[in-house]
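**Q** Need coordinates for the below:
(2 chains)
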Number of protein chains: 2
Amino acid sequence: MTGKLTVAGLGPGQIDWITPAVSKALASASDIFGYDSYLARLDAAPHQRLHASPNRVEIERANEALALASSGRDVAMVSGGDPGVFAMAAAIFEAIEHGPQEWRSIEIVIEPGITAMLAVAARIGAPLGHDFCAISLSDNLKPWDTIEKRLSLACEADFVIALYNPASKARPDGIFRAFEILNSKRVPETIVVFARAIGRPDESVTISTLAGADLSKVDMQTLVLIGSSATRLVKRGNGINPWVYTPRSMAPV
Amino acid sequence: MTGKLTVAGLGPGQIDWITPAVSKALASASDIFGYDSYLARLDAAPHQRLHASPNRVEIERANEALALASSGRDVAMVSGGDPGVFAMAAAIFEAIEHGPQEWRSIEIVIEPGITAMLAVAARIGAPLGHDFCAISLSDNLKPWDTIEKRLSLACEADFVIALYNPASKARPDGIFRAFEILNSKRVPETIVVFARAIGRPDESVTISTLAGADLSKVDMQTLVLIGSSATRLVKRGNGINPWVYTPRSMAPV
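**A** Next comes the predicted model:
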């Protein structure tokens, strides 16, 4: 008997950014997996089994959810942002690839969500209006050298750069090392945006330049955007953040 | 008197991927701008004024919408996918920057949506599970040399690459030139995905390798994904597309 596993993206936290497709999948699931903090946001029905987990080992949660789906249950797994971007979906397919053959018969549905960089971009203007890249600064699962190389080449390509997972208690210095590279490759006037907890009640945005960037407050709730050479500010009144955007047209790099 | 302009992302076409925030903004607007085909999908109320336009000159539409908002109306502009990713939001801020000073007092709200690469990724697995970039192949507004340079550096960085606007009637050869670069920089076994009209009734997905890629059917409705060296297939039964994913962990590039 083979069930279903839906990996559902909750977006960054704002309730009305959750797609109806995600809401429907969560309402019909028999079992819902996810971090405690995500499950606490849901309005689950009494018959739904919640599998809250403080467990940061994603592959273990993936295995548990797949085993349950394989037994015939209608399982949902919630993920912050979009499940496909530095989140749970890749762990699910990793688990399937290395798991029992019957897991390949499970109906897997990935339900997309608003990933952090889209939410941040929307709040401040249109910084992703031109070519861009997304890099995770977490070196739990990749060598730091790879991160450095990618940052360096992204600067050379003049991409707008979105940095996910910029810092954690376990690795507080990654963001400082990343900014050393950015400083060596881009001009000091380059626009930098620090956006924290976008879509949640305590959200905040700081717009700065590379030279003026204060890295001391960067944490796992922060998304960092580094502008390309074309990224610009549109000033508004005093005390109001300017808009940040990257024009659609550009000169050669 | 100063009104409001909401630039609302409709996602790729699937109705239940439209966020409640977007639906609400469209329901309350006095005026809605957008391409004919987008407006045709909406269920507008009789009192709402629709400004349908076959006009591909985005900056003109932006100017019209801003002028109307500035006169005090509650204007919405619909955009496919996410308005911030190769779509209308950047044109709006460009228009504001070069427009009359009073436009800077308009309340501008960008409502994010599911951009095509997230939808495609969700349909096929988790190809964006690791660092990636998004490049528009349209050279209407940027020199082709810039596109070539970015493609080349993106290969060197071993990013998963999402290609937006891969071809149009006006420039049918861009995708062929792009694949020449990809072929010279990545191994023939590299996984390539052609996803057309995802989220619409006629959606289709072709999973291929770089060596086996058929570029003849690529059009403006197609999003092309090129895997990194780590992107993998998980085989399922005969006649069923395999899943495509990029593991979270990796070896040095």
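**Q** what's the neighbour count on the closest residue in space to A:M88 that isn't next to it in sequence?
**A** Distances taken as CB to CB, 6 or more residues apart in numbering or on different chains place A:S79 nearest to A:M88, at 4.2 Å, with adjacent residues excluded. Backbone N, C-alpha and C define where each C-beta goes, glycine included. By other CB atoms under 10 Å in any protein chain shown, the residues close to A:S79 number 28.
**Q** Run through who's touching the helix or strand harbouring A:H51.
**A** Element membership for A:H51, per DSSP states H and E: strand A:49-53. With contacts defined as CB atoms under 8 Å, 6 or more residues apart in numbering or on different chains, strand A:49-53 is touched by A:30-36, A:39, A:42, A:44, A:61, A:64-65.
**Q** just how off-centre is that strand within its chain?
**A** A distance of 22 Å separates the centroid of the chain from that of strand A:49-53, by CA atoms, centre = their mean, to the nearest Å.
**Q** Would you give the sheet partners of that strand, along with the direction of each?
**A** Counting by DSSP bridges, the strands paired with strand A:49-53 are strand A:31-35 (parallel).
**Q** just to revisit the earlier point, mind checking pLDDT for the residue nearest to A:M88?
**A** A:S79 is assigned a predicted lDDT (pLDDT) of 94.
**Q** Next: A:M250.
**A** For A:M250, the model assigns a pLDDT of 62.
**Q** For A:G13, see how far away the residue nearest to A:H47 when sequence neighbours are not counted is.
**A** Nearest-residue entry for A:H47: A:S30, 7.7 Å, with adjacent residues in sequence omitted and distances by CB to CB, 6+ apart. In this view, A:S30 and A:G13 are 25 Å apart by CB to CB, to the nearest Å.
**Q** These two: who's more crowded?
**A** A direct count of neighbours by other CB under 10 Å for A:S30 and A:G13 places A:G13 higher, at 23 against 16.
**Q** Please name the residues that touch A:L66.
**A** A:5, A:92, A:95-96, A:99, A:103, A:106.
**Q** any idea of the angle the helix or strand harbouring A:A76 forms with strand A:49-53?
**A** Using DSSP H and E, A:A76 sits in strand A:74-79. Interaxial angle of strand A:74-79 relative to strand A:49-53 (axes from the mean of the first three to the mean of the last three CA atoms, to 10 degrees): 30 degrees.
**Q** Need the contact partners of strand A:74-79.
**A** With contact meaning CB under 8 Å, 6+ apart, strand A:74-79 is reached by A:3-10, A:25-26, A:28-35, A:38-39, A:42, A:61-62, A:65, A:68-69, A:83, A:87-89, A:92, A:113.
**Q** Return the subset of these lying in strands.
**A** Among these, the ones falling in strands (DSSP state E) are A:4-9, A:31-35.
**Q** picking up where we left off before, who touches the residue nearest to A:H47 in this structure?
**A** A:47-49, A:73-75.
**Q** Can you name the two of those that sit furthest apart?
**A** Among the contacts of A:S30, the pair separated by the greatest distance (CB to CB) is A:H47 and A:V75, at 14.2 Å.
**Q** Out of the contacts of A:S30, which comes closest to A:G239?
**A** Using CB to CB, A:Q48 is the member of these that lies nearest A:G239, at 46.0 Å.
**Q** re earlier: which of the ones in strands among the contacts of strand A:74-79 count as buried?
**A** Buried members of the ones in strands among the contacts of strand A:74-79, counted by 16 or more other CB atoms under 10 Å in any protein chain shown: A:4-9, A:31-35.
**Q** Could you say which helix or strand holds the closest residue to A:A157 other than its chain neighbours?
**A** Leaving aside its sequence neighbours, A:A157 sits nearest to B:L153 (CB to CB, 6+ apart; 4.0 Å). Assigned by DSSP H and E, B:L153 falls within helix B:144-156.
**Q** And that helix, what's buried?
**A** For helix B:144-156, a neighbour-count test (16+ other CB under 10 Å) marks B:146-147, B:149-156 as buried.
**Q** in chain A, which helix or strand is least confident?
**A** Every helix and strand in chain A was compared by mean pLDDT, DSSP states H and E; the lowest is helix A:36-41, with a mean of 84.
**Q** Which other helices and strands does it contact?
**A** strand A:49-53, strand A:74-79 (3 or more CB pairs under 8 Å, 6 or more residues apart in numbering or on different chains; DSSP states H and E).
**Q** Give me the buried stretch members for it, please.
**A** If you call a residue buried by 16+ other CB under 10 Å, then helix A:36-41 has these buried ones: A:38-39.
**Q** May I see the buried residues of stretch A:96-113?
**A** Residues of stretch A:96-113 classed as buried by neighbour count (16+ other CB under 10 Å): A:96-97, A:99, A:103-104, A:106, A:108, A:110-113.
**Q** can you redo the residues you listed as TSV with pLDDT, distance to A:T231 and secondary structure?
**A** Below are the buried residues of stretch A:96-113 laid out as TSV (pLDDT from 0 to 100; distance: CB to CB, whole Å; DSSP: H, G, I helix; E, B strand; the rest coil):
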residue	pLDDT	distance to A:T231	secondary structure
A:I96	97	39	helix
A:E97	96	39	helix
A:G99	96	43	coil
A:W103	97	44	helix
A:R104	96	44	helix
A:I106	96	43	coil
A:I108	98	37	strand
A:I110	98	31	strand
A:E111	98	31	strand
A:P112	98	26	coil
A:G113	98	25	coil
